[in-house]
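[1] What follows is a predicted structure for the sequence shown.
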There are 2 protein chains.
Amino acid sequence: MSFDKDQSAGYVVNHMARLFAAALTERIKPLGLSTGQFPILLQLWSEEGLTQKQLVERLDLEQATIANTLTRMERDGLIERRPHPQDGRAQCIYLTVKARALEAPATDAARAVNEAALAPLPPVARKAFLRVMGQVIDALQADLKRKGMEDAEGSGRSDTAS
Amino acid sequence: MSFDKDQSAGYVVNHMARLFAAALTERIKPLGLSTGQFPILLQLWSEEGLTQKQLVERLDLEQATIANTLTRMERDGLIERRPHPQDGRAQCIYLTVKARALEAPATDAARAVNEAALAPLPPVARKAFLRVMGQVIDALQADLKRKGMEDAEGSGRSDTAS
DNA sequence: CAATGATATATAGCGTGCTATATACATGCA
DNA sequence: TGCATGTATATAGCACGCTATATATCATTG
């Protein structure tokens, strides 16, 4: 019957995610960074010269999302796109000196956010929290995959209706 | 030193939130609804005729966000904005017949998403998960409040620097 | 009653993420 | 070689959420 949003996992997760984003924004805005750039920077700090395709494979984001974020990062002087030596369609993404210098302060900022968010939880509960979120992520990915297949089949055969 | 995104609460929460949104979108798109409309509908299903201000107070969203979503909902034939009888600045938001009819299927869809997401968790763990998320939300809100005050003070007095 | 300040809503502008589609280059096969 | 197909990136267009600001009305006070 009734639907209490504060008891709905989806609602609470969304709210929590927006608060995480706000807290991270507060801390990295002074560095000239924004939240969407963070995952890409994280990847490039550990492995530079990747193509956009490789970034897409490593981050759980769509190609178009990454392309747009890269454009903003180029505009902001964080990355350079250099032509790929073998493949004329591809580009290799390199960090600027400026972006390389931000690794320590930016990861410190992210750690501070996590620390603030998990402050009320003892270490064991923190690990449990991450583990549970991993399970939920897996369950949702399975659900999306299942749903996608159902919908694709349904258009060809209609005997699944009964 | 290293920063593993899959061990970072902020990253994982963001990922999980996007999956929740995708799963809900799959299920309510056939109803002609989108995720951002959901919290507003939930509120109006239980209490119609509210003003925008009252919605802002009840939902953890900014006024501008709600105003824009209401405009899209009006466009989609889900709500009507009627002038407030006493206050010429305000409007009362009413659901259309169409929107009222969507309560059962839409809340069913949301319940199905939560069920799919929490499927791997036994009931006790589900409750614990919600409880922990509540704690994290409180901690982040406290952090944002603290941060906001610090920044405001800092511009007036500089003796906090040492 | 007029001016001032507060309040309700709207708008501008941006970042993030998505789907769908266009474009440009690569590759493989007739 | 040339054409079809595939792949890497770009672009269009949208929803959602935010901050900052404009506008219109209310309420208060001189």
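    The structure has been received and is ready for your questions.
[2] Go through stretch A:3-18 and flag the buried ones.
    For stretch A:3-18, a neighbour-count test (16 or more other CB atoms under 10 Å in any protein chain shown) marks A:3, A:5, A:8-18 as buried. Where C-beta positions appear, they are placed from N, C-alpha and C, glycine not excepted.
[3] I misspoke; the intended subject was stretch A:23-30.
    By neighbour count with 16+ other CB under 10 Å, stretch A:23-30 contains the buried residues A:Ala23, A:Leu24, A:Glu26, A:Arg27, A:Ile28.
[4] Quickly note the distance from the nearest residue to the third one once chain neighbours are set aside to A:Val113.
    So the one you mean is A:Glu26. Setting aside the residues directly before and after it, A:Glu26 is nearest to B:Lys147 in space (CB to CB, 6 or more residues apart in numbering or on different chains), at 5.2 Å. Separation of B:Lys147 from A:Val113 (CB to CB, to the nearest Å): 10 Å.
[5] Find residues that contact each of these two.
    Counting by CB atoms under 8 Å, 6 or more residues apart in numbering or on different chains, the common neighbours of B:Lys147 and A:Val113 are A:Ala23, A:Arg27.
[6] returning to that earlier point: quick one: which of the buried residues of stretch A:23-30 sit in helices?
    Mapping those onto helices (DSSP state H) picks out A:Ala23, A:Leu24, A:Glu26, A:Arg27, A:Ile28.
[7] The residues you listed into TSV, with extra columns for distance to B:Glu47 and pLDDT?
    Formatted as TSV, these follow (distance: CB to CB, whole Å; pLDDT from 0 to 100):
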residue	distance to B:Glu47	pLDDT
A:Ala23	31	98
A:Leu24	34	98
A:Glu26	33	96
A:Arg27	37	97
A:Ile28	38	97
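[8] out of those, which touch DNA strand C?
    The subset of those within reach of DNA strand C, by CB under 7 Å from any atom of the strand, is empty.
[9] Those residues into JSON lines, with extra columns for distance to B:Ile137?
    Putting those into JSON lines (distance: CB to CB, whole Å) gives the following:
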{"residue": "A:Ala23", "distance to B:Ile137": "11"}
{"residue": "A:Leu24", "distance to B:Ile137": "15"}
{"residue": "A:Glu26", "distance to B:Ile137": "16"}
{"residue": "A:Arg27", "distance to B:Ile137": "18"}
{"residue": "A:Ile28", "distance to B:Ile137": "21"}
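[10] about what we covered before: among the buried residues of stretch A:3-18, name the ones that also lie close to DNA strand D.
    A:Asn14, A:Arg18.
[11] Kindly provide the whole-number mean pLDDT of stretch A:147-162.
    Averaged across stretch A:147-162, the pLDDT comes to 53.
[12] Of B:Lys147 and A:Val113, which one has the most company?
    A count of neighbours by other CB atoms under 10 Å in any protein chain shown puts A:Val113 above the other of B:Lys147 and A:Val113, at 25 against 15.
[13] buried stuff in the one helix or strand the more buried one maps to?
    Per DSSP states H and E: A:Val113 is located in helix A:103-118. Applying a neighbour-count criterion of 16+ other CB under 10 Å, the buried positions in helix A:103-118 are A:Glu103, A:Ala106, A:Thr107, A:Ala109, A:Ala110, A:Val113, A:Asn114, A:Ala116, A:Ala117, A:Leu118.
[14] near chain B, from those?
    Residues of the buried residues of helix A:103-118 in contact with chain B (CB under 8 Å from any CB of the partner chain): A:Thr107, A:Ala110, A:Val113, A:Asn114, A:Ala116, A:Ala117, A:Leu118.
[15] can you redo those residues as TSV with pLDDT?
    Below are these laid out as TSV (pLDDT from 0 to 100):
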residue	pLDDT
A:Thr107	98
A:Ala110	98
A:Val113	98
A:Asn114	98
A:Ala116	98
A:Ala117	98
A:Leu118	98
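[16] TSV please, covering the buried residues of stretch A:3-18 and showing secondary structure, pLDDT and distance to DNA strand C.
    Formatted as TSV, the buried residues of stretch A:3-18 follow (DSSP: H, G, I helix; E, B strand; the rest coil; pLDDT from 0 to 100; distance: CB to the nearest atom of the strand, whole Å):
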residue	secondary structure	pLDDT	distance to DNA strand C
A:Phe3	coil	90	24
A:Lys5	helix	94	20
A:Ser8	coil	98	21
A:Ala9	helix	98	19
A:Gly10	helix	98	15
A:Tyr11	helix	98	18
A:Val12	helix	98	18
A:Val13	helix	98	14
A:Asn14	helix	98	12
A:His15	helix	98	16
A:Met16	helix	98	14
A:Ala17	helix	98	9
A:Arg18	helix	98	10
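[17] Relative to chain B, which of the buried residues of stretch A:3-18 is nearest.
    Here the nearest of the buried residues of stretch A:3-18 to chain B, counting by CB to the nearest CB, is A:Ala17; it sits at 3.6 Å.
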